[in-house]
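[1] model the following, please.
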Amino acid sequence: MDESRPGYTAELLRHFADLRDGVHGNAVSRQDKEQLFAKAVPLLDPYARQALTEINDDLLLRTGEIRSTGVRSTKHGIDAVWALTWPEQRDAGISPVTLHAFYGAGFHHPHLRGVTVGDWPLNVFTEEQATAKLATLREIAAADVHNLVFQRDYRIIPATVRQGR
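    Sure, this is the predicted structure:
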């Protein structure tokens, strides 16, 4: 990584260079890009779980449960999902806090998103790059929590209604 610029701008430049050059990492074919995606998901897994565990521990008072799919094929391409669900969210009939890694069928390369927030480039090929994604995963999860509150109200967050908080 270029140490002269912030990590996130260096990642964006890698992302844009991939678009320019028609590659993802060094992969050109869809099959090779899917293999890179399949290798990226286990690298991201501990960081996705960490971001969701932090929200569960602090905001949901450990009432939540993290569910993950691993890499799977869908009619839209391939993806992996980490979802944090909890009783108030389920009772409200709204989506869980979600971290979604996906490589859409018509896409040039994979992305990350939340259930209520848009797309981020997913250029993870090494443990170092996966570690650096923790901040992004935290922000996606936090934005989802914020937006889900606005779909219902603050009472879906146990830490806001329990005594002593």
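
[2] mind listing what's buried in stretch 91-109?
    Residues of stretch 91-109 classed as buried: 94-103, 109 (neighbour count, 16 or more other Cβ atoms under 10 Å). In this view, the C-beta of every residue, glycine as well, is placed from N, C-alpha and C.

[3] now the residues you listed in CSV, with distance to residue 151 and secondary structure?
    Formatted as CSV, the entries for the buried residues of stretch 91-109 read as follows, by distance: Cβ to Cβ, whole Å; DSSP: H, G, I helix; E, B strand; the rest coil:
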residue, distance to residue 151, secondary structure
94, 5, coil
95, 8, coil
96, 12, coil
97, 12, strand
98, 13, strand
99, 18, strand
100, 17, strand
101, 23, strand
102, 22, strand
103, 27, strand
109, 30, coil
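
[4] which residue, neighbours along the chain excluded, lies closest to residue 162?
    The spatial neighbour of residue 162 that comes closest, neighbours along the chain excluded (Cβ to Cβ, 6 or more residues apart in numbering), is residue 61 at 6.2 Å.

[5] measure the one you found to residue 147 for me?
    Distance check for residue 61 against residue 147: by Cβ to Cβ, to the nearest Å, it reads 20 Å.

[6] next one: residue 120
    Using Cβ to Cβ, one gets 15 Å for the distance from residue 120 to residue 147.

[7] likewise residue 155?
    Distance of residue 155 to residue 147, computed by Cβ to Cβ: 16 Å.

[8] name the next helix or strand downstream of the longest helix seen in the chain, please.
    Using DSSP state H to define each element, the chain has its longest helix at helix 30-58. If you walk from helix 30-58 toward the C-terminus, the next helix or strand you reach (DSSP states H and E) is strand 65-68.

[9] that following strand packs against which elements?
    For strand 65-68, the elements it packs on are helix 30-58, strand 77-85, judged by 3 or more Cβ pairs under 8 Å, 6 or more residues apart in numbering; DSSP states H and E.

[10] least confident secondary structure element in this structure?
    Here the helix or strand of the chain ranked lowest by mean pLDDT, DSSP states H and E is helix 7-21, holding a mean of 83.

[11] now that helix, how far from the chain's geometric center?
    The chain centre lies 18 Å from the centre of helix 7-21; the measure is Cα atoms, centre = their mean, to the nearest Å.

[12] which other helices and strands contact that helix?
    Contacts defined by 3+ Cβ pairs under 8 Å, 6+ apart place helix 7-21 against strand 120-121, helix 127-132.
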